[in-house]
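Asker: mind looking at a prediction? Sequence and model below.
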Number of protein chains: 2
Amino acid sequence: MKLLTKDSDYAIRTLMHLALHPHEFISTKQISDGQGMPYQFLRRIVQKLISHNLVESKEGIRGGIKIKREPEDIKIIDVMQIFQGPVQLSACMFRNKLCENRANCVLRRELQRIESIVRNEFRDVSIQKLINGIKG
Amino acid sequence: MKLLTKDSDYAIRTLMHLALHPHEFISTKQISDGQGMPYQFLRRIVQKLISHNLVESKEGIRGGIKIKREPEDIKIIDVMQIFQGPVQLSACMFRNKLCENRANCVLRRELQRIESIVRNEFRDVSIQKLINGIKG
DNA sequence: TTAAACTGATACTAAACTGGTATCAGAAGG
DNA sequence: CCTTCTGATACCAGTTTAGTATCAGTTTAA
Ligand code: FES
Ligand code: FES
């Protein structure tokens, strides 16, 4: 079970980097080089961050990207949802259709409980908190 | 992010079923039919449970499978580890090699913290607990 | 005014994983 | 000896993951 995929990972690191220089446009190339991430892969990731309004961009030779929201307000669960979709339990059995006694299903209940714990943990970590290395 | 794959799911349900009839050998066919799981898929899953000593089997016409350990002692994290491998964070960046300042990496630290929370939760749920629907 | 350094938008790829199916062999029991 | 079971594999299609490539358009500064 992998908690974080590469794209979420790279995205978070990129946001951390941007949060440290909130007033300048930094090129994706510079970030990918500096952090050892594959450039074209990061390009695609960055475009998603832009389309989700976490980052803004400027085209042209002195262009680049810049963080658009407060680092406190960007939780890593937001980033994960963009790249990995929602935290979800195993789909209900009986292939297509949901089974009847969902309300009573104990496995389902436990999974939902754990699921919400996981969500809360990832919601508690912001980009700022990562930068601080402390509660944020 | 999916917490439970189908094989873990089916394995857990199978163990629950076996735990309810701890003294008889039940055929895989009977279980797959009864629970709406694909037979051949479940066969493969059951073989893994056997090779990991959670279940024992008897060949031949009145054969089948039987639970081998106490339902209290089988935690769902054990089952998940068999089918999904360990709960792990995103691999360290800089492709193959681990990066230098691992000790200082805040993202890594947070992920490890959350990882251990998840592990503990899944370690706290046993087959017996699922059957009871209460603390066990 | 044009070359260089950027982003926008997509298309492509190989490898791994997921969920499922199929086969053939051999054991046990009546 | 026939049926019901397991053991052991091999196969398969669809999706996901991680990464690469291409071409077009924008901006700036020499
Ligand atoms: S699996 Fe559908 S409710 Fe439990
Ligand atoms: S990514 Fe390797 S230590 Fe943070």
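Answerer: Cool, got the structure. Ligands and ions are numbered 1, 2, ... in the order given.

Asker: contacts and neighbour counts: CA atoms only from here.
Answerer: Noted.

Asker: kindly report the residues of chain A close to DNA strand C.
Answerer: A:1, A:26-30, A:44, A:46-47, A:50, A:57-65, A:95 (CA under 7 Å from any atom of the strand).

Asker: of these, buried ones?
Answerer: Burial by neighbour count, judged by 16 or more other CA atoms under 10 Å in any protein chain shown, picks out A:1, A:26-29, A:46, A:50, A:57, A:64-65 from the residues of chain A next to DNA strand C.

Asker: ranking helices and strands of chain A by mean pLDDT, which lands last?
Answerer: helix A:106-123 (a mean of 94; mean pLDDT, DSSP states H and E).

Asker: what residues of the next helix-or-strand element following that helix count as buried?
Answerer: Counting by DSSP states H and E, the element after helix A:106-123 in chain order, helix or strand, is helix A:127-132. By neighbour count on 16+ other CA under 10 Å, the buried set for helix A:127-132 is A:127-131.

Asker: what is the mean pLDDT for helix A:127-132?
Answerer: For helix A:127-132, the mean per-residue pLDDT is 96.

Asker: elements contacting it?
Answerer: helix A:6-20, helix B:106-123 (3 or more CA pairs under 8 Å, 6 or more residues apart in numbering or on different chains; DSSP states H and E).

Asker: can the last one be found next to ligand 2?
Answerer: Meaning helix B:106-123. Yes: contact between helix B:106-123 and ligand 2, assessed by CA under 6 Å from any ligand atom, occurs at residue B:108.

Asker: any buried residues in that helix, and which?
Answerer: So for helix B:106-123, counting by 16+ other CA under 10 Å, buried means B:106-112, B:114-115, B:117-118, B:121-122.

Asker: for those residues, which one is nearest residue B:20?
Answerer: Distance to residue B:20 across the buried residues of helix B:106-123 (CA to CA) is lowest for residue B:122, with 21.1 Å.

Asker: before we move on, the earlier item: quick one: which of the residues of chain A next to DNA strand C sit in strands?
Answerer: A:57-58, A:64-65 (DSSP state E).

Asker: got JSON lines for these, with pLDDT and distance to residue B:9 too?
Answerer: JSON lines is the format used below for those (pLDDT from 0 to 100; distance: CA to CA, whole Å):
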{"residue": "A:57", "pLDDT": "98", "distance to residue B:9": "44"}
{"residue": "A:58", "pLDDT": "98", "distance to residue B:9": "47"}
{"residue": "A:64", "pLDDT": "98", "distance to residue B:9": "46"}
{"residue": "A:65", "pLDDT": "98", "distance to residue B:9": "43"}
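
Asker: from those, which single one is nearest residue B:80?
Answerer: residue A:65 (40.7 Å).
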